[in-house]
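Participant: show me the folded form of this:
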Amino acid sequence: MSDGGTNNNGALTLTTLTVLGRRLGAKGADVASAGDITLGAGNYFVITGTTTINTISATSWTAGTCVILQFSGSVTVKNATAGAGAQLKLAGSADFSATADDTLTACYDGTFWRETARTAI
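Facilitator: Prediction:
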């Protein structure tokens, strides 16, 4: 079920967790929209509120990590806008005007969060 090993302290380190051929993720706590958002544990987050999002904090995230944001209302996600977190690089270098139930998938490359997919419901 997992691919990992133990470190010198005897703690189990998981590099990938799969069950039935699926990579498992986790839904994190809902996040209120803000100019600079911070995502907690998980990789799927519902974004609440209507405040424009400029950046996503990169603290505790490693390059290659991807997240899915599902919006509960109308939110603008800004392309390449400065703020306290890592900038988002969005498709077409354009802002994303999300509405309820839209999703945005982004991967962190070590510097930027780069859009890899979106749905507009």
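
Participant: list the buried residues for the host helix or strand of Glu115?
Facilitator: Using DSSP states H and E, Glu115 maps to strand 113-119. By neighbour count on 16 or more other CB atoms under 10 Å, the buried set for strand 113-119 is 113-115, 118. C-beta coordinates here come from the backbone N, C-alpha and C atoms, glycine included.

Participant: before we move on, what about stretch 86-95?
Facilitator: Under 16+ other CB under 10 Å, the buried positions of stretch 86-95 are 86-88, 90, 95.

Participant: what are the ranges of the strands in the chain?
Facilitator: Under the criterion DSSP state E, strands of the chain are mapped to 2-6, 12-19, 22-23, 31-32, 36-37, 44-48, 55-56, 66-71, 75-77, 86-89, 96-98, 103-108, 113-119.

Participant: low-confidence ranges, this structure, go.
Facilitator: 1-22 (pLDDT under 70).

Participant: let's see 90
Facilitator: 1-25, 120-121 (pLDDT under 90).

Participant: tell me the centre residue of it?
Facilitator: Val67 (2.9 Å; CA atoms, centre = their mean).

Participant: give the contact list for that residue.
Facilitator: Contact analysis of Val67 by CB atoms under 8 Å, 6 or more residues apart in numbering lists 39, 43-45, 56, 105-108, 113.

Participant: and Ala41, by the same measure?
Facilitator: 26, 28.

Participant: one more: Asp30?
Facilitator: By CB under 8 Å, 6+ apart, the neighbours of Asp30 are 45-48, 72.

Participant: do the same with Thr62
Facilitator: 108, 110.
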